[in-house]
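Enquirer: Got a predicted model here, sequence first, then my questions.
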Amino acid sequence: MLRKARLTLALVSFVVAVFLLCQNYSPVLAVSPAGRDLIRLHIIAHSDCPEDQALKLKVRDAIIEKTGHLFNNVSTEQEAERRLRAHLDQIEEIARQVVTEADMSYDSHAEIGIYSFPERAYQDKVLPAGYYRALRIVLGDGQGSNWWCVLFPPLCFVSGSSGQQATPVNEVPSGMNDEARRVMATGNTQLSGQEETVDKIEVRFKVAEVWEKVRPRARELFSWRQEE
């Protein structure tokens, strides 16, 4: 009888542990090798309506113009991230002010983290798919098409005095396919739902890892029950 009680308690404890793990587990993501020396700027529009997409570009221009000085005399990605984090509230306020001036009712949010990106061409090289550290600006619900560039080293520039367009340093190289040329010129990509998918996969792997650790104990408990 005592063994049955111990078995029941052990199984209940395991189920509870797995449940809590699935609820609270946050995967620790590592930056891909190609992204170790750079920080991307990632701006996600509230929606795909023309007004929200135009506002996304205005926020882009304001962020690029008003954060460039943060990287003066900065030679490492670590120092660049430290400066961005120290000014994260101000960066968020820059985006919020642009949204307010456009008479939009939604808010904006700034964060720095590691995010999944697909393969994209930028400047004279291709950034492979993987995890990159990025300054992410989410406007409103963040359900619209997004825009990105390489913020550090500083490869995002607002061209001309009007501040209406951000362009890469170099011209688009010849020999690239149409999709690569379009992305390189505009910075537009689609990343809908990728981070959520990655998180779910990571949780499943973690649950499997926990099960492998406790399986010998569970097998031992079941053997006690069979002996009775």
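Expert: Okay, I see it.
Enquirer: mind listing the helices for this protein?
Expert: Counting by DSSP state H, one finds helices in the chain at the ranges 2-24, 50-67, 77-86, 88-101, 178-186, 194-227.
Enquirer: shaky segments in this structure?
Expert: 1-35, 122-125, 157-228 (pLDDT under 70).
Enquirer: how's it carved up into domains?
Expert: 2-27+198-227, 33-192 (automatic domain parsing).
Enquirer: quick one: residue 146 and residue 41 touch, right?
Expert: No. Counting by C-beta atoms under 8 Å, residue 146 stays clear of residue 41, with 10.3 Å between them. (Each C-beta comes from the backbone N, C-alpha and C, glycine too.)
Enquirer: So for the two, which residue has more residues nearby?
Expert: residue 41 (23 against 20; other C-beta atoms under 10 Å).
Enquirer: Starting from residue 103, give me the distance back to that one.
Expert: Remark: distance between residue 41 and residue 103 (C-beta to C-beta, to the nearest Å) = 25 Å.
Enquirer: Same question for residue 93.
Expert: Applying C-beta to C-beta, the value for residue 93 to residue 103 is 17 Å.
Enquirer: okay, these two: which has more neighbours?
Expert: residue 93 (14 against 7).
Enquirer: Now do that one against residue 62, distance only.
Expert: 11 Å.
Enquirer: swap in residue 94?
Expert: Taking C-beta to C-beta, one finds residue 94 at 5 Å from residue 62.
Enquirer: Also residue 156?
Expert: Relative to residue 62, and taking C-beta to C-beta, residue 156 is found at 12 Å.
Enquirer: Compare those two (neighbour count), which wins?
Expert: residue 156 (25 against 19).
Enquirer: got the contact list for the more buried one?
Expert: 41, 60, 64, 149-150, 166 (C-beta atoms under 8 Å, 6 or more residues apart in numbering).
Enquirer: Please convert those residues to JSON lines, extending it with distance to residue 129.
Expert: Below are these laid out as JSON lines (distance: C-beta to C-beta, whole Å):
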{"residue": "41", "distance to residue 129": "18"}
{"residue": "60", "distance to residue 129": "23"}
{"residue": "64", "distance to residue 129": "24"}
{"residue": "149", "distance to residue 129": "17"}
{"residue": "150", "distance to residue 129": "16"}
{"residue": "166", "distance to residue 129": "23"}
